[in-house]
Structures are given as C-alpha cells and as structure tokens.
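J.: model the structure of this input:
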Amino acid sequence: MQGRIRSIGRLHCLAAATGACALAAACATPPTAPVLGSVPVPATPPDDLPVRKLPHSKLASTVDWYPAQAKRANLEGRILVEFNIDPSGRAHVLKLAAAQADPMLQAAAVELVRHVAFDISDPNLDAANPAPFRMSVTYCMFPCKDALLPYAGYENVTVTGYLVRRRP
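T.: Numbers count the residues shown, from 1 in each chain. Presented below is the predicted three-dimensional model:
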C-alpha cells in the first residue's frame, strides 16, 4: 500500500483563557479578497469600535477546529469575529469584522467562536455595555513559517493544522 497523507489538527492556544500565545505570530499569507457567502469581508477591521477585553473562556481542545478539507488544501488565514455574549456565556449575533482567509476558514472561525464558553461572572463582561466583542482566529499549517500575525489588539486563538504521512 502506498503512503497515504492523513490530516490531524490541534488547537494551539486560547489567549483569553491561558495568557500568552507562543505560536500565534507565524502563519502564511492567505488570499486577499475573502468572502463569506456573497458578502465581501474587509481584510482589516474597522476602527469604529473600542477594543473590549474578553472575559475568561473555555474551548474544547479535543475538537479539531481546522477543517479537514482546508488542511488538505494547505489553507491558512486570519479572521476577526465580532459577537455579543448572551446571559448563558455563549457567543451570539456573530459576524465577520475582517478576514484574510478562504471562506471555508471564515466559516470554521465563526463556528469555533460559537462554541467558546465565556465566564459570565468575569468583570470584563459588562452587560450594560452594548459594544460587541471581537476575537482574532488564526489558522496555520505546522510549522507556521511566514508572518501572518493575528489582528493587533485583539485576543487570539491560533489553530494549527498538521499533515501526517502514514507509513505503508
């Protein structure tokens, strides 16, 4: 049997929950005209809202948040997801604030943020503040070589994908 390529992935870090992110600054440059569905998404975030610090959060690390098809295609990119947090601590009213990524990764980033559990007792979660939160999500294939930085000023999740060659 010929050697087969099998894709696996791993969530590298969640800066909002664990502090500094060791590998968040190194990923390849993706295509520059991303769209999600038929709505164009800007590559840089609008400067119309102040940056809100995210409350503490948890995300299942047992889930492979890197789409298998995106790994096979070696897709990388960064996405800035804007959202509100409901009283149960879940993200809702999610939308893309900016993206430099394939639509497949854009959809995966929205799904990732949808599954984050935010601590509703955290003082950073001020229910009286109507401004949305934003989270940067960076996808890169290991080893992340080129310099695709997370969106500056926003807490970041880096999702690292791996291609593993299976021995015959």
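J.: make it CA atoms for all contacts and neighbour counts henceforth
T.: Will do.
J.: now the strands for this protein?
T.: 4-14, 35-36, 39-40, 57-58, 77-85, 91-100, 117-118, 133-141, 156-166 (DSSP state E).
J.: need the winner for burial among those.
T.: Across those, averaging neighbours per residue (mean count of other C-alpha atoms under 10 Å) puts strand 133-141 on top, at a mean of 27.
J.: so which elements touch that strand?
T.: Contact here means 3 or more C-alpha pairs under 8 Å, 6 or more residues apart in numbering; DSSP states H and E; on that basis strand 133-141 packs against strand 77-85, helix 103-114, strand 156-166.
J.: report the beta-bridge partners for the residue most central in space within the chain.
T.: Nearest residue to the geometric centre of the chain (C-alpha atoms, centre = their mean): residue 137, 2.0 Å. Beta-bridge pairing for residue 137 (DSSP bridges): residue 79, residue 157.
J.: surely it and residue 150 touch.
T.: Yes - when contacts are counted by C-alpha atoms under 8 Å, residue 137 is listed as touching residue 150 (7.1 Å).
J.: can you check which residues contact both of these two?
T.: Both residue 137 and residue 150 are contacted by 78, 156, under the criterion C-alpha atoms under 8 Å, 6 or more residues apart in numbering.
J.: distance of the residue nearest to the centre of the chain from residue 108?
T.: According to C-alpha to C-alpha, to the nearest Å, residue 137 stands 10 Å off from residue 108.
J.: ditto for residue 90
T.: From residue 90 to residue 108 the distance is 16 Å (C-alpha to C-alpha).
J.: before I go, just wanted to say thanks for your time.
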